[in-house]
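**Student:** Need coordinates for the following:
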Amino acid sequence: MPKKFVAEKRDNGSFASLGLNERQFNQLFNKIEQAQKRNRRNAKRTLTASTLTKPTNKALKALGEKAKGQRFTKEDLIKFDKARQRHKEVYDSKTAGITYAFLVKNSRQIDVDRANNRVDDGTGIHKATLIGIKNNIALIRVRASSVSKHEEHRVKVRFEQWDELLHEPPNGDYNQAVQLACAGRISFDCDCGRHQYWYRYLATMGNYCIAPPKEFAFPKIRNLELSGVACKHVLKAATMLQSLAWQRILANQMKQQARRVGFGSDNKTYLLNEKEKKAAARNRKTVVDKAAATREHAKYLRAQNAMEKQIAKQKRESETIKRQARKLRQESNEKKGYIDMIKVGFQNFHDGYKLQGKTKSEALTNFAKMMNVTPSRLERIIK
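**Tutor:** As a prediction, this is how the structure comes out:
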């Protein structure tokens, strides 16, 4: 029977992770994640959602001081709540994940500089390694900075469009599908303090966190302006995911998942083999380019604007089809024409939804409602 893995604790209280194989590393950080959840549940003086929206004098006092001799006021909380609402609107909290370009564009410059190791205080980082994937979540091992008490961190990146692209890869190409997934909407998590105390609340409010754990306590001390998006470890990991070296490995896994029955319920973590590790090590896309991300996001916004116009056009066409369909429904001898019209109308409607990153099932439900038929009947018609 193999010896049970026991993590070694260092003198500074952190765990030794350098030298661990990928399986041991993942086991260790699963334990670290669980410990952080327990500690967070027992945290004191946190600014909870109920206190933020309905502050009492007792609750304000329990928050402690924002500076020496200065307590938090109701005016402070009103300001915080406005920042929270603004963040939810900017990051479209109704849709899971944010694009890679938006992530980089809105990140703090200091986090970008640290991710690129362009600082002189020892807080920069230089290495990240893809170690595996679990369903639609990539696992990345990131070396900590030279001044950190930790040796490494684990970043998790979830591809929100993975399932849709798996079922409908562009031109049947899984490499292209993964490329779109990596540049598209992602959610993420990191075990570092920067993410926990600065950015996890933002990720929760903006709906781009990997939960659990969600964070509902406002960062009243560290990041009361709610600025930035991601820590240096997430920035480094997300940037290196834009490389073909990593994308080819993920594309192979997407292909394997597509062949598997019930892949979505498979909780097994796939860890890279030796050949894949060598291929992943060839990744040279390590620099976070904020200017390029800003240009890419502007391009994305132009595309979104064009898409909205196209969707509006499709909506008008759908209304026309709806009127015609209503007329055809009354004429039983025109049943085939009705079916053909529904098929064409749904295809146009679905194309518009795909541009928005929405699923076929969402398009099916909403088009059925528009046509005044049940989703199951619509599905039978368009087959």
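
**Student:** For the closest residue to Lys31 other than its chain neighbours, give me phi and psi.
**Tutor:** Taking C-beta to C-beta, 6 or more residues apart in numbering, and ignoring the residues beside it in sequence, Lys31 has Ala7 as its nearest neighbour in space, at 6.8 Å. In short, each C-beta sits where N, CA and C put it, glycine included. The main-chain torsion angles of Ala7 are listed as degrees, to the nearest 10 and equal phi -70, psi 140.

**Student:** I'd say Ala7 and Phe25 touch.
**Tutor:** No - here Ala7 lies out of contact with Phe25, judged by C-beta atoms under 8 Å, at a distance of 9.8 Å.

**Student:** Name the next helix or strand downstream of whichever strand or helix holds Ser361, please.
**Tutor:** Taking DSSP states H and E as the definition, one finds Ser361 inside helix 360-371. Tracing the chain past helix 360-371, the next element assigned as helix or strand by DSSP H and E is helix 375-382.

**Student:** can you list contacts of that next one?
**Tutor:** Counting by C-beta atoms under 8 Å, 6 or more residues apart in numbering, the neighbours of helix 375-382 from elsewhere in the structure are Ile339, Ile342, Lys343, Phe346, Leu364, Thr365, Phe367, Ala368, Met371, Val373.

**Student:** How far off centre is stretch 151-161?
**Tutor:** 9 Å (C-alpha atoms, centre = their mean, to the nearest Å).

**Student:** on that earlier part again, where is pLDDT lowest across the contacts of helix 375-382?
**Tutor:** Model confidence across the contacts of helix 375-382 bottoms out at Ile339, which has 73.

**Student:** show me the contacts for that one.
**Tutor:** Counting by C-beta under 8 Å, 6+ apart, Ile339 has contacts Ile381.

**Student:** does it sit in a helix, a strand or a coil?
**Tutor:** Per DSSP: H, G, I helix; E, B strand; the rest coil, the secondary structure class of Ile339 is helix.

**Student:** With Lys322 as the reference, measure out to it.
**Tutor:** Ile339 sits 15 Å away from Lys322 when distances are taken as C-beta to C-beta, to the nearest Å.

**Student:** average pLDDT across stretch 316-331?
**Tutor:** If you average the per-residue pLDDT over stretch 316-331, you get 70.

**Student:** From Gln247, how far off is Asp81?
**Tutor:** On the measure of C-beta to C-beta, Asp81 and Gln247 end up 40 Å apart.

**Student:** Please identify which of these two sits among more neighbours.
**Tutor:** Set side by side, Asp81 and Gln247 give different neighbour counts by other C-beta atoms under 10 Å, the larger being at Gln247 (25 against 15).

**Student:** Mind jotting down where the strands sit in the stretch 1-150 of the chain?
**Tutor:** Assigned by DSSP state E, counting those that start in this stretch, the stretch 1-150 of the chain shows strands spanning 65-67, 70-71, 98-99, 128-134, 137-143.

**Student:** shaky segments in this protein?
**Tutor:** By pLDDT under 70, the weakly predicted segments of the chain are 1-3, 40-80, 83-84, 86-93, 216-222, 261-266, 307, 311, 326-338.

**Student:** domains for it, by residue range?
**Tutor:** Structural domains assigned to the chain are 22-288, 293-382, following automatic domain parsing.

**Student:** before we move on, back to that, of the contacts of helix 375-382, closest to Leu224?
**Tutor:** Taking C-beta to C-beta as the measure, Leu224 lies nearest Thr365 of those, at 40.3 Å.

**Student:** Now the closest one. Nearest residue, chain neighbours left out?
**Tutor:** Once its chain neighbours are removed from consideration, Thr365 has its nearest residue in Pro375; the separation is 5.3 Å (C-beta to C-beta, 6+ apart).

**Student:** In the chain, where's the longest helix?
**Tutor:** The helix that spans the most residues within the chain, counting by DSSP state H, is helix 290-329.

**Student:** helices or strands up against it?
**Tutor:** For helix 290-329, the contact count by 3 or more C-beta pairs under 8 Å, 6 or more residues apart in numbering; DSSP states H and E identifies helix 100-105, helix 335-355, helix 360-371 as packing neighbours.

**Student:** and of those, who's closest to Arg259?
**Tutor:** If you check each of the helices and strands packed on helix 290-329 against Arg259 by C-beta to C-beta, helix 360-371 wins as the nearest, at 19.7 Å.

**Student:** quick one: the closest one to helix 375-382, angle?
**Tutor:** Calculated by axes from the mean of the first three to the mean of the last three C-alpha atoms, to 10 degrees, helix 360-371 forms an angle of 100 degrees with helix 375-382.
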